[in-house]
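1. sequence isn't available, so here's the structure alone:
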Ligand code: RB5
């Protein structure tokens, strides 16, 4: 499985930690930047990752900024993207099982690296449950038309 990753300056350090973690899990990673902590604009990286996921060049995406929220707002503007800003393991599992989220957004300023790694693992290990949840996800997709 390939995962597209990205961050702004506020998420760069956590993105680097999570990139290593994903590689250690045996995942392929495509890193869309940023590549340092110089001030930059998070929608740039949200769009790159979202477009890669929407085009199925990567199965899933991971975005990190200061809070995860700006990244999620921007990524969700791309058709086919269901990006979830998450800061706990319960929500990480629920958003895969119920929302079929395809991009996980984390905040370097809101979660520490240990919790962030556990959130990523929980999200990756969970699966979409389908059924009644598929009906609701289809309703979300219909909003894009
Ligand atoms: C950058 O200062 C910060 O606004 C950004 O990383 C993010 O938290 C936005 O949601």
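-> Perfect, I can see it now. What you are looking at is a predicted structure, and each value in this text was computed from that prediction instead of being measured.
2. near the ligand, which residues of this protein are found?
-> Proximity of the chain to the ligand (Cβ under 6 Å from any ligand atom) is limited to residues 8, 10, 42, 65-67, 69-70. The C-beta positions use only the backbone N, C-alpha and C, and glycine is treated the same way.
3. among those residues, which one has the most neighbours?
-> residue 65 (30 neighbours; other Cβ atoms under 10 Å).
4. can you name the residues bridging to that one?
-> Per DSSP bridges, the residues bridged to residue 65 are residue 107.
5. now the residues of the chain next to the ligand as CSV including secondary structure, pLDDT and distance to residue 123?
-> Formatted as CSV, those follow (DSSP: H, G, I helix; E, B strand; the rest coil; pLDDT from 0 to 100; distance: Cβ to Cβ, whole Å):
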residue, secondary structure, pLDDT, distance to residue 123
8, coil, 98, 20
10, coil, 98, 20
42, helix, 98, 20
65, strand, 98, 17
66, coil, 98, 20
67, coil, 98, 17
69, helix, 98, 17
70, helix, 98, 19
